[in-house]
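Enquirer: Can you look at this prediction? I've put the sequence above it.
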Amino acid sequence: MINFKKILCAILAVCLIFALSGCVIKGNEEVKNTTKASSQRNTITTTEATTTTSTTVTSATPTATTTKKKVTTTTATTVYRYPYAYAGFNPTETDMSVKFNKILLNRDHALPDGYVPKLAEAVKGSGVKLDYRVAPYYQKMYDAALADGITLEPISGYRSFERQKRNFENEIKLYENKGFNKKDATVKASQVVLLPGTSEHNAGLAMDICSLSVDFENTKEFAWLQAHAHEYGFIMRYPKDKTEITKITYEPWHYRFVGVDIATELKQSGMVLEEYLS
């Protein structure tokens, strides 16, 4: 006789086993899905981090480019300020913190860009001007010479940078017309006319008196200046025996104000300003 009770129990046992197996499989799939999702999140995070890093690197690139542009701009400004660098000229800015009568200006020392002195007429009614602190001394010297029958006519005092540049460029052309190349013509010109910004005329500290000819040395006006200019603070700036130091040809007409004490010392010692200030 068949035992139905045992058969029923066996069927229930098998069903229970299948049910439990399904739960385990489902649990494993959930674990796998969870791991996959976690892996996907990690991938997204890594991608975002990479993107952020790339953005940072990209942002750094324009900064470096900007820095290079700044350097390029500075260099361009220097070249513009000294347009005659092709001929070996690159003057530095002179020390403007010293007293005005000690300012050194020559082919190696230039005024700051845009410098314009406060001016006054050197001789009343002449229209020729000097630095307002120098003009009264020239007037006194002029009056003293006039009392001795000497007229120290003011030819050229203050000159703007623009006028100095025109004078210099004209001198370059003069030498080019003589057959010199651009560089050599510029060097030759610099021995006669100073570069813009390096001339004492640009500072209103110098006066060309009576003439622009070397023959001026044979006049009574020159003789009077040689004897008395230092008493009023003026020196002949470019003597014939110091051209190796001044780098300027002999100019018996060019007188620079340095003050009575310094002018007297230079007169007695025979030094030029470069030697005194060194």
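Expert: Thanks, I have the structure now. Just so we're clear, the structure is a prediction, and the values are computed from it rather than from any experiment.
Enquirer: the helices in the protein, which residues?
Expert: 4-81, 135-147, 161-176, 182-190, 220-228, 243-246, 260-269, 273-277 (DSSP state H).
Enquirer: among these, which gets the worst mean confidence?
Expert: In terms of average pLDDT, helix 4-81 trails the rest of the helices of the chain, at a mean of 41.
Enquirer: what's the domain layout of this protein?
Expert: Per automatic domain parsing, the structural domains of the chain span 1-81, 89-277.
Enquirer: Now tabulate those in a markdown table and tack on mean neighbour count.
Expert: Placement of C-beta: from N, CA and C, glycine included. Below are those laid out as a markdown table (neighbours: other CB atoms under 10 Å):
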| stretch | mean neighbour count |
| --- | --- |
| domain 1-81 | 10 |
| domain 89-277 | 17 |
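Enquirer: quick one: residue 168 and residue 198 touch, right?
Expert: No - if you go by CB atoms under 8 Å, residue 168 and residue 198 don't touch, sitting 9.7 Å apart.
Enquirer: first to last residue in stretch 90-100, what's the distance?
Expert: This stretch, stretch 90-100, spans 23 Å end to end (CA to CA, to the nearest Å).
Enquirer: any residues touching that stretch, and which ones?
Expert: 78, 82, 103-112, 115, 131, 133, 195, 197-198, 205 (CB atoms under 8 Å, 6 or more residues apart in numbering).
Enquirer: cool, and stretch 209-228?
Expert: Taking CB under 8 Å, 6+ apart as the rule, stretch 209-228 contacts 141, 144-145, 148, 150-155, 234, 236, 250, 252-255.
Enquirer: try 6 Å
Expert: Contact with stretch 209-228 is made by 145, 150, 152, 153, 252, 253, 255, as judged by CB atoms under 6 Å, 6 or more residues apart in numbering.
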